[in-house]
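Undergrad: A predicted structure for the sequence below; I have some questions about it.
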Amino acid sequence: MKSEFPQEFLWGGALAANQAEGAYREDGKGLSTSDMLPQGIFGPVVARQPGDFNIKDIAIDFYHRYPEDISLFAEMGFTCLRVSIAWARLFPQGDEQQPNEAGLAWYDKLFDELARHHIQPLVTLSHYEMPWGLVQNYGGWANRQLITFFERYARTVFTRYRDKVKLWLTFNEINMSLHAPLTGVGIRGDASQTEIYQAIHHQLVASGLAVKACHELIPDARIGNMLLGGLLYPLTCKPDDVFAALQENRRWLFFGDVQCRGRYPGYIKRYFREQNITL
């Protein structure tokens, strides 16, 4: 039997704003959590000083060189490119009532250039970064107010790019918060399990509201979330090993269960009870 990829299959690649754009303070962009982590997501927070340098400040300079980069992607046969929007480029502190027009205009140019090369954008709203102002002034996702700020940001981009972007993701690897809380939910690494899961809960609610907003504003769009899926296999077929692997896998699988089913599964509720975690 002959098997072929369907004509509409999307071939492409992916990048993140904080890993590629550079231009970290241009056109009104605010600082992000990524800007404060020059040694990577598991490194220390380093306060920015005038004249200091972080390799991500320039990165591949995608902010200025995107036309030639996209042209190269087209030569490679890309029909899709996954990018992310730098939240702090649109809302520099995260809590503004009105977005930064210069930031919005740049993403207009990016999506127009992709369209010129017949490359469909797949856009992530939050990819390993958030405005640093939300960490400093609100305590990150531990504060329920961030749900409102994220929904405002999501509705802003859905309204602006409704005719240019039909494929969306809310958060990149949302379960990364269990391993790197500052990058994932904007809270310190020594936070308690209760604090981390409370922040995650706020993020899951925000993701759900963004999904609803997307369907409302762009009826023909498709939207979901992204999980960091590190499937573990048991060392042996012994029941204890099989059960241990199941328990560990459930730590990230529950994120998908919540989003697909709209409720917390019983196994994570039991884990919360056993660990004295109350949301």
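TA: The structure has been received and is ready for your questions.
Undergrad: ok, Gly40 - contacts?
TA: Gly40 makes no contacts at all, as judged by C-beta atoms under 8 Å, 6 or more residues apart in numbering. Yep, even glycine has a C-beta here, placed from its N, CA and C like the rest.
Undergrad: where exactly do the helices run in the stretch 151-279 of the chain?
TA: In chain order, the stretch 151-279 of the chain shows helices spanning 181-185, 193-217, 239-261, 266-274, with DSSP state H, counting those that start in this stretch as the criterion.
Undergrad: can you give me the buried ones in the last one?
TA: Spelled out, it's helix 266-274. Neighbour counts over helix 266-274 (16 or more other C-beta atoms under 10 Å) mark 268, 271-272 as buried.
Undergrad: neighbouring contacts of the helix or strand of the chain with the lowest mean pLDDT?
TA: Ranked by mean pLDDT, DSSP states H and E, the helix or strand of the chain with the weakest confidence is helix 55-58, at a mean of 90. Helix 55-58 is contacted from outside by 18-19, 22, 24, 34-35, 38, using C-beta under 8 Å, 6+ apart.
Undergrad: kindly report the same for stretch 192-199.
TA: For stretch 192-199, contacts defined as C-beta under 8 Å, 6+ apart pick out 140-142, 177-178, 181, 185-187, 191, 272, 275-279.
Undergrad: at 10 Å what do you get?
TA: The set of residues external to stretch 192-199 that reach it, using C-beta atoms under 10 Å, 6 or more residues apart in numbering, is 139-144, 146, 177-178, 181, 184-189, 191, 268, 271-272, 275-279.
Undergrad: pull the contacting residues for the residue nearest to Pro67 when sequence neighbours are not counted.
TA: Distance criterion C-beta to C-beta, 6 or more residues apart in numbering; nearest residue to Pro67, sequence neighbours excluded, is Glu113 at 5.6 Å. Residues in contact with Glu113 (C-beta under 10 Å, 6+ apart) are 66-67, 69-71, 74, 119, 121.
Undergrad: tell me how far Glu113 lies from Tyr24.
TA: To Tyr24, Glu113 is 21 Å away according to C-beta to C-beta, to the nearest Å.
Undergrad: over to Thr183?
TA: Between Thr183 and Tyr24 the computed distance is 16 Å (C-beta to C-beta).
Undergrad: cool, and Gly139?
TA: Using C-beta to C-beta, one gets 23 Å for the distance from Gly139 to Tyr24.
Undergrad: now Pro44
TA: Distance of Pro44 to Tyr24, computed by C-beta to C-beta: 18 Å.
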